[in-house]
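**Q** the following comprises the amino acid sequence and a computationally predicted model.
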Amino acid sequence: SIRPLPQPGPLPAEPISWFFAEGSTMPGFETYIVLQNPLEDMATVRITFMTQDGPVAYQTTTIPPNSRKSIHVNDIVPNA
């Protein structure tokens with residue numbers, strides 16, 4: 001049976017950081033990051049793309065309430 005998801009708890013006082021350790025944008029690979037905002041307020045997200053040489057690109061985006069956004073990493077950091 002399908003049950004509704006529980007409501008999210010309150011937001012923490014400090015921003016949360018997540019580290020996605022894998023991905024390739026070399027030819028033959030497609031890498032996406034899918035971000036979800038289950039809350040009632042707009043979410044602002046700052047993404048730092050890392051390579052073996054360190055941080056190479058930054059992107060800030062917003063995610064509307066109760067929605068998700070897909071980021072195609074190949075468009076931002078190709079051949080990495």
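**A** The structure has been received and is ready for your questions. In this text, all values refer to a predicted model and were calculated from it rather than measured experimentally.
**Q** all helices for this structure, in order.
**A** 73-76 (DSSP state H).
**Q** quick one: low-confidence ranges for it?
**A** Low-confidence segments of the chain (pLDDT under 70): 12-13.
**Q** what segments of the chain are strands?
**A** Along the chain, counting by DSSP state E, strands occupy 32-37, 43-51, 54-63, 67-72.
**Q** just checking, what packs against the first one?
**A** It stands for strand 32-37. Contact analysis of strand 32-37 by 3 or more Cβ pairs under 8 Å, 6 or more residues apart in numbering; DSSP states H and E lists strand 43-51, strand 54-63, strand 67-72 as its packing neighbours. All C-beta atoms are positioned from the backbone trio N, CA, C, and that covers glycine.
**Q** show me what the shortest one is packed against.
**A** Using 3+ Cβ pairs under 8 Å, 6+ apart as the contact test, the elements touching strand 67-72 are strand 32-37, strand 54-63.
**Q** any idea how far that strand is from the chain center?
**A** Strand 67-72 sits 7 Å away from the centroid of its parent chain (Cα atoms, centre = their mean, to the nearest Å).
**Q** redo the strands of the chain as CSV? Include distance to Phe20.
**A** Listed next are the strands of the chain as CSV, based on distance: least, Cβ to Cβ, whole Å:
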stretch, distance to Phe20
strand 32-37, 7
strand 43-51, 9
strand 54-63, 14
strand 67-72, 11
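**Q** nearest residue to the middle of the chain?
**A** Leu35 (4.2 Å; Cα atoms, centre = their mean).
**Q** for burial, what's the neighbour tally of Leu39?
**A** Neighbours of Leu39 under the rule other Cβ atoms under 10 Å: 14.
**Q** with adjacent residues omitted, what lies nearest to Ser67?
**A** With sequence-adjacent residues excluded and distances taken as Cβ to Cβ, 6 or more residues apart in numbering, Ser67 is closest to Asn37, at 6.0 Å.
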